[in-house]
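In: Mind folding the following:
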Amino acid sequence: QVQLVESGGGSVQPGGSLRLACEASGDTLNYWTIGWFRQAPGKEREGLACWFSVDRSTYYLDAVKGRFTISRDNAKNTIYLQMNDLEPGDTATYYCAGDPSPTFRICKDYLFDHWGQGTPVTVSS
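Out: Here you go, the predicted structure:
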């Protein structure tokens, strides 16, 4: 049973940076499709950044393109989301997700089977 545990959330001022981490246990993420999602109060969960194992491509939501970067450290079985130039609109609970299926190339939450518990991010002055 794979478990994903996020860390790194917190409060930051506009323009600041945070790096979220998602450590996996129970299986290796080396060949999994991975992603970061967020959900703000009253809004649907949205895909921010995904890395697809089917073709090793990366997707970014337009709203975070150029500010957020998804990466992975296979040796640590951990994925990261570097978030720079944060804005109040980035306030949400952030989730990592993974799926061993190599067949999809859409950054949608319903395609992922494994989820972390979420970590809150607040951007406020």
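In: can you give me phi and psi for the residue most central in space within the chain?
Out: In the chain, the centroid-proximal residue (Cα atoms, centre = their mean) is residue 36; its distance is 1.8 Å. Dihedral pair for residue 36: phi -120, psi 140, per degrees, to the nearest 10.
In: and what of residue 43?
Out: phi -120, psi 160.
In: Name the nearest residue to it, ignoring sequence neighbours.
Out: Excluding the flanking residues, the one nearest residue 43 by Cβ to Cβ, 6 or more residues apart in numbering is residue 92, at 7.8 Å. The C-beta positions use only the backbone N, C-alpha and C, and glycine is treated the same way.
In: Please apply the same query to residue 32.
Out: Per Cβ to Cβ, 6+ apart, closest to residue 32 is residue 98, 4.6 Å.
In: Equivalent analysis for residue 47, please.
Out: Leaving aside its sequence neighbours, residue 47 sits nearest to residue 107 (Cβ to Cβ, 6+ apart; 3.5 Å).
In: Can you tell me the number of residues neighbouring the one you found?
Out: Other residues within reach of residue 107, judged by other Cβ atoms under 10 Å, total 23.
In: what about it, which helix or strand?
Out: Assigned by DSSP states H and E, residue 107 belongs to neither a helix nor a strand.
In: so who does it touch?
Out: By Cβ atoms under 8 Å, 6 or more residues apart in numbering, the residues touching residue 107 are 35, 47, 48, 49, 50, 59, 61.
In: So which of those are in helices?
Out: Among the contacts of residue 107, none falls in helices (DSSP state H).
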